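Novice: model this:
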Amino acid sequence: MNNLNVGEKIYKSIKKLFPINRSLTGNGNRASLKILGKISGKMKILEFKSGKKVFDWTIPPEWNVEDAFIKCDGEKIVDFKKNNLHLVSYSEPINKEISFKELNEHLYSIKSKPKSIPYITSYYKKRWGFCLNHNDRIKLDKFKSYKVYIESSFNKKGSLSIGEILIKGKSKKEIILSTNICHPSLVNNELCAPVILAYLAKYFADLNNFFTLRILFLPETIGAITYINKNLKTLKKNFRAGFHITCFGDKGNFSMISSKYANSYSDKVAKKILKTKKKIKVYKFQKCGSDERQYNFPGVNLPVVTLTRTKFGNYKEYHNSMDNLKITNPKLLTESFNFLIKIINLINYEKNKFLKKKVNKKLKITKLINSKY
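Specialist: Down below sits the predicted model:
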């Protein structure tokens, strides 16, 4: 792959994926994984049945939505088809005329960011809702009635989709890279990381790697729990290092969230590469909030580090419609892509360095023995 224009390719793929509605489950996730799979050329899409118990969690019903809107005087004032953030993820179906007072109980906006549409979910509690920018919300007429329509479905016989890429190396020991695919039209959180990892898989597929690469595309929390539940024995047996990638395309400085005890090989490698950058941030595990929680959970104990630029929750565009295509560019995406290549190359280099020392030590012993005779 030509590294000079990889950022352009990543950006174009993000643009293609941007309009697709994604959630914990559903057709949007499968469509996104198919696109990512074509980029990587290596992906398997794994399906896990709704209702399946995974540790002490249960995979939810598969949720899909065809349409959703609010109408007033026959005109659509909120339209899911124009921006999928307008609908609270996992909303129940509804088709009725209601008062402003009732509607207002199901509306979400951000007063401090009046031009932004918030990203709201309700995965495990049945309800419905719409999101809109605060400027539009305060313009709504309190004396009019509103038609609310959500054409959504919950399939108890559906499934949760996970993307898995396995690039075999000389060793069965694995470097785990994971990211999330459950966010709708949000770029930094989360389209940059999945697309970067798809291109990374394509890059390393053509190389003679020492370690095996396991790259995972997961719905956050429940996806990681589901995958770990099925594969824990293999993951523990073959684990060499692990990195969860999130919020990886903005202009923020490279950062990391340490593993649980902050002393793992994953931590050491990440810190070595981070030290080549300026103004880095190393967060303690107590600042966790993504899938590093699942990997480091007691009983699982996989020392996975989270790699990020601006940490989730720490930038103004987080979980709202400002996290759009303007938040990144090909240059930033190339930087992030190359950062991960350096991480993997360092792990391979240190192993080769160790092997060379071992070989040299054997040679010295052989020379010493031969000199006696």
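
Novice: how about the helices in the stretch 1-150 of the chain?
Specialist: For the stretch 1-150 of the chain, the helices defined by DSSP state H, counting those that start in this stretch cover 6-17, 27-40, 100-104, 134-137.

Novice: helices or strands up against the third one?
Specialist: Secondary structure elements in contact with helix 100-104, counted by 3 or more Cβ pairs under 8 Å, 6 or more residues apart in numbering; DSSP states H and E, are strand 145-155. From N, CA and C alone the C-beta is placed, and that goes for glycine too.

Novice: and what of the second one?
Specialist: Contacts of helix 27-40 with other secondary structure elements, assessed using 3+ Cβ pairs under 8 Å, 6+ apart, are made with helix 6-17, strand 44-49, strand 159-167, helix 192-205, strand 212-218.

Novice: hey, what's L166 bridged with?
Specialist: Beta-bridge partners for L166, by DSSP bridges, are R214.

Novice: How about the contacts made by it?
Specialist: Each residue near L166 by Cβ atoms under 8 Å, 6 or more residues apart in numbering is listed here: K42, K44, T212, L213, R214, I215.

Novice: mind redoing it with 10 Å?
Specialist: Neighbouring residues of L166 by Cβ atoms under 10 Å, 6 or more residues apart in numbering: K42, M43, K44, E174, A201, T212, L213, R214, I215, L216.

Novice: just for the protein, where's the confidence low?
Specialist: For the chain, the stretches with pLDDT under 70 are 1-4, 352-373.

Novice: need the contact list for the residue nearest the centre of it.
Specialist: Geometric centre of the chain, nearest residue: N180, 2.1 Å, by Cα atoms, centre = their mean. Going by Cβ under 10 Å, 6+ apart, N180 touches 22, 189-191, 193-194, 216-221, 223-224, 244-246, 290-291.

Novice: and if you look at W57?
Specialist: Listed by Cβ under 10 Å, 6+ apart, the contact set of W57 reads Y124, T221, I222, I225, T226, N229.

Novice: Any idea how many residues pack against the third one?
Specialist: Number of residues near I222 (other Cβ atoms under 10 Å) recorded here: 22.

Novice: try the first one
Specialist: Residues within reach of Y124, counting by other Cβ under 10 Å, total 11.

Novice: again, but for the last one
Specialist: Using other Cβ under 10 Å, N229 is surrounded by 17 other residues.

Novice: repeat for the fourth one
Specialist: A count of nearby residues for I225, using other Cβ under 10 Å, gives 21.

Novice: what about it, helix or strand, and which?
Specialist: helix 222-238 (DSSP states H and E).

Novice: After that helix, which helix or strand is next? Please name it.
Specialist: Immediately after helix 222-238, counting by DSSP H and E, sits strand 239-245.

Novice: That following strand relative to strand 212-218, how many degrees between them?
Specialist: Going by axes from the mean of the first three to the mean of the last three Cα atoms, to 10 degrees, strand 239-245 is angled at 30 degrees with respect to strand 212-218.

Novice: Can you give me the buried ones in stretch 17-35?
Specialist: By neighbour count on 16 or more other Cβ atoms under 10 Å, the buried set for stretch 17-35 is 17, 20-30, 32-33, 35.

Novice: quick check, nearest of these to E350?
Specialist: Set against E350, the nearest of those by Cβ to Cβ is L33 (32.5 Å).

Novice: Tell me which residues touch the closest residue to the closest one other than its chain neighbours, please.
Specialist: Among residues not flanking L33 along the chain, G163 sits closest, at 4.5 Å (Cβ to Cβ, 6 or more residues apart in numbering). Neighbour list for G163: 29-30, 32-34, 36-37, 40, 42-46, 179, 181, 194, 197-198, 201, 215-218, 223 [criterion: Cβ under 10 Å, 6+ apart].

Novice: ok, which stretches of the stretch 251-373 of the chain are strands?
Specialist: Per DSSP state E, counting those that start in this stretch, the stretch 251-373 of the chain carries strands over the ranges 255-257, 281-283, 304-308.

Novice: For my notes, please list those in TSV and give mean neighbour count and distance to N348 for each entry.
Specialist: Below are the strands of the stretch 251-373 of the chain laid out as TSV (neighbours: other Cβ atoms under 10 Å; distance: least, Cβ to Cβ, whole Å):
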stretch	mean neighbour count	distance to N348
strand 255-257	25	20
strand 281-283	17	23
strand 304-308	28	17
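
Novice: Nearest residue to K342 in space, please, no chain neighbours.
Specialist: I273 (5.1 Å).

Novice: count of residues packed around the one you found?
Specialist: Neighbours of I273 under the rule other Cβ under 10 Å: 20.

Novice: give the contact list for it.
Specialist: By Cβ under 10 Å, 6+ apart, the contact set of I273 is F254, M256, I280, L307, F339, L340, I341, K342, I343, I344, N345, L346.

Novice: what comes up buried for stretch 129-140?
Specialist: For stretch 129-140, a neighbour-count test (16+ other Cβ under 10 Å) marks G129, F130, C131, L132, N133, H134, R137, L140 as buried.

Novice: Going by contacts, tell me the helices and strands next to the helix holding I225.
Specialist: Counting contacts by 3 or more Cβ pairs under 10 Å, 6 or more residues apart in numbering; DSSP states H and E, helix 222-238 is packed against strand 44-49, strand 53-54, strand 57-58, strand 159-167, strand 174-180, strand 212-218, helix 292-295.
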